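Asker: task: produce atomic coordinates for the following.
(chains A and B)
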There are 2 protein chains.
Amino acid sequence: MDNLMLQALRGETTRRRPLWIMRQAGRYLPEYRELRSKYGFSELVRSAELATEITLMPLKRFPFDAAIVFADIMSPIASMGVEFDFDPGPVVFSPVRTASQIDALRQPTRPEIAPEVATALRNLRAALPAETALLGFCGAPWTLAAYLIEGRGAKDFPQLRRFAAEHPELLNVLLGKLTEVMTDYLLAQHEAGADAVQVFDSWAGLLSQHQWRKIIRPHLLRMLQRLGEAGVPRIVFLQNAPHLVDCYAELPAEVIATDWRVDLAALQRRYPDKAVQGNLDPAVLLGGPEVTRASARLLLEQVATRAHIVNLGHGILPNTPLESVHALVELVHDEVDANS
Amino acid sequence: MDNLMLQALRGETTRRRPLWIMRQAGRYLPEYRELRSKYGFSELVRSAELATEITLMPLKRFPFDAAIVFADIMSPIASMGVEFDFDPGPVVFSPVRTASQIDALRQPTRPEIAPEVATALRNLRAALPAETALLGFCGAPWTLAAYLIEGRGAKDFPQLRRFAAEHPELLNVLLGKLTEVMTDYLLAQHEAGADAVQVFDSWAGLLSQHQWRKIIRPHLLRMLQRLGEAGVPRIVFLQNAPHLVDCYAELPAEVIATDWRVDLAALQRRYPDKAVQGNLDPAVLLGGPEVTRASARLLLEQVATRAHIVNLGHGILPNTPLESVHALVELVHDEVDANS
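Answerer: Residues are numbered from 1 along each chain as shown, chains lettered A, B, ... in the order given. Presented below is the predicted three-dimensional model:
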């Protein structure tokens, strides 16, 4: 069988579009909720065995073309000596806002960074059929810095923005450290069996284009270049940052993935050498199979088949009916596309 | 004395830039917190006397060039027969999601729409000196629909997005009704003494440009045209929607106001016939007078003086030190601008 996801990552035309869903191993699955009722979230992400089991859950229900290892964007942060928990999002016990705190952050060796994730990936590579791509991931340096500085998710992250204005040099040092660790983390995931990696930049949209170029770009560029030199296929995902989509599309990565705010067809036309991933609005799936089919059909009509990886524009919502996911899978599998 | 704000609204060059601050009558003021400790928020907005007192509070501390009437974007919604409270944001008792609920929404006569706001404006016009502009405002139809459909503020408003996909015709009817009421409301505010009005579109950024053109634009256009015919100066403010800034700048309004995500100087160059308002990051003020001065100085260097109304890019944050506001006022008042 072909691995459609890897073909699309290489920019090839596939016999049909590959499909996976962000947070496909998540709360919309009854079997996940069942397991979650027995364990805390941090127990789930810290156990390679449970993470393996959870990663495989959606694949037993749906013929997705990729599995993404179950982990949290904060998983590698523990190895830097930062203490945190989940409530339900990450809560950092001592927000990182001083030079001495940034100095004190450990630069772990590659095997020290979230070893449970590497173990889960090795388990998964052995368990998955060859036609299913295995994905690793990390949070982008800025998005991780957002949690480290703010201490927890907050509307528009005011302490982060204040810190960026008051201490640009310290922020740059922090982003540099995070970049090194995350790059090593992704390289370790690739070595453990990940076919490709996705970098999630969830909070870049807090910045203007000018700020983005100054604050974020040099670090992302360095990370993506190192991954490219190691031959790791790269997906860059940004959400709630439609004004930055060209900034991201110009970075060295095989795939640009966006949320529903971006016109994916226009993006595909502007960057014909890139694969695109996305971008059905996950809220649409709340409405059931009929509206899911209608929205998905429109997406498939507008975005050309070549190097289009179908996905939602953000993580699937916890109260999504399974019937909507079935409808999406069916539509993508049934497509006889005139564009290809 | 000149009314700098009205001069800027007309696109004239002012001897210095006018300055006001979104939520200038808010929780960063000890006297507001003191009053708020005695009354519920809904008591404050429903009393013309208290609203008048609160509106004037910041003017006693700072020589702002405009006062904006203290009210909530939900204030006019009561006259449509919708029941809601605040916790702390708006909570609609029965979210509006069916044809019969939308049918049942009242179309109030002009004097029925938030009469306490009109009374407060008449009080304020009498109390304010001629050099201080008096502003009215309303929430944009889409932003109000967001609360009516979702029921309360929620991350990315999933029920709103689902409703937009499932029931585009119903949404259009709802937006039409809201547009009529909000236009009448702004006309009533102008008749009661408001020199200009600001339309707040807080949640437009949930949509793509394509969706915006289809769903929102016709209604905003109708509202702004009716206001224009009545000679009401119009400020359109959008936040967290930098990808829509040109969509809004092309609407018929004297002023385009944006958050800090937008390059205001570039916007001013693209629309030389418009006044621009904004857009210092309110989080910067959390850092105190020094970083406030540095950021404000940069803004004044980059944005030309002509028809620039200085403001923050979003409401001032509750924990802002008063010293930061003093520093901003001083800098704007001291400016000897080489651009003018």
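
Asker: please, where are all the strands along the stretch 1-150 of chain A?
Answerer: Under the criterion DSSP state E, counting those that start in this stretch, the stretch 1-150 of chain A contains strands at A:66-68, A:84-86, A:90-92, A:133-139.

Asker: ok, now which ones touch A:Ile291?
Answerer: To be clear, residue A:291 is Val; Ile isn't right here. By Cβ atoms under 8 Å, 6 or more residues apart in numbering or on different chains, the contact list for A:Val291 reads A:284, B:162, B:165-166. Every C-beta, even on glycine, is put in place using the N, C-alpha and C of the backbone.

Asker: show the contacting residues for the nearest residue to A:Leu59 once chain neighbours are set aside.
Answerer: Nearest-residue entry for A:Leu59: A:Ala67, 5.8 Å, with adjacent residues in sequence omitted and distances by Cβ to Cβ, 6 or more residues apart in numbering or on different chains. Taking Cβ under 8 Å, 6+ apart as the contact definition, A:Ala67 lies against A:20, A:55-56, A:58-59, A:124, A:128, A:132-135.

Asker: identify, from these, the entry nearest to B:Ala145.
Answerer: Within those, proximity to B:Ala145 (Cβ to Cβ) peaks at A:Trp20, which comes in at 32.8 Å.

Asker: any idea what the residue nearest to A:Leu59 is bridged to?
Answerer: Using DSSP bridges, the bridge partners assigned to A:Ala67 are A:Leu134.

Asker: rounded mean pLDDT for the longest helix along chain A, please.
Answerer: Determined from DSSP state H, the single longest helix within chain A is helix A:168-191. If you average the pLDDT over helix A:168-191, you get 98.

Asker: does the helix or strand just after it reach chain B?
Answerer: Later in the chain than helix A:168-191, the nearest helix or strand by DSSP states H and E is strand A:196-201. No - if you take Cβ under 8 Å from any Cβ of the partner chain as the test, strand A:196-201 misses chain B, and the best it gets is 14.8 Å.

Asker: how about the contacts made by the residue nearest to A:Gly205 when sequence neighbours are not counted?
Answerer: When the adjacent residues along the chain are set aside, A:Gly205 lies closest to A:Ala241, with 3.2 Å between them (Cβ to Cβ, 6+ apart). For A:Ala241, the contact set (Cβ under 8 Å, 6+ apart) comprises A:201, A:204-205, A:248.

Asker: would TSV of those residues with pLDDT be doable?
Answerer: Putting those into TSV (pLDDT from 0 to 100) gives the following:
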residue	pLDDT
A:Asp201	97
A:Ala204	96
A:Gly205	97
A:Tyr248	98
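
Asker: neighbour count and secondary structure added to those, as CSV?
Answerer: What follows is those, written out as CSV (neighbours: other Cβ atoms under 10 Å in any protein chain shown; DSSP: H, G, I helix; E, B strand; the rest coil):
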residue, neighbour count, secondary structure
A:Asp201, 24, strand
A:Ala204, 23, helix
A:Gly205, 23, helix
A:Tyr248, 25, helix
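
Asker: reformat the contacts of A:Ala67 as JSON lines; add pLDDT and neighbour count.
Answerer: Putting the contacts of A:Ala67 into JSON lines (pLDDT from 0 to 100; neighbours: other Cβ atoms under 10 Å in any protein chain shown) gives the following:
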{"residue": "A:Trp20", "pLDDT": "98", "neighbour count": "22"}
{"residue": "A:Thr55", "pLDDT": "98", "neighbour count": "24"}
{"residue": "A:Leu56", "pLDDT": "98", "neighbour count": "17"}
{"residue": "A:Pro58", "pLDDT": "98", "neighbour count": "24"}
{"residue": "A:Leu59", "pLDDT": "98", "neighbour count": "20"}
{"residue": "A:Leu124", "pLDDT": "98", "neighbour count": "26"}
{"residue": "A:Leu128", "pLDDT": "97", "neighbour count": "18"}
{"residue": "A:Thr132", "pLDDT": "98", "neighbour count": "24"}
{"residue": "A:Ala133", "pLDDT": "98", "neighbour count": "25"}
{"residue": "A:Leu134", "pLDDT": "98", "neighbour count": "22"}
{"residue": "A:Leu135", "pLDDT": "98", "neighbour count": "23"}
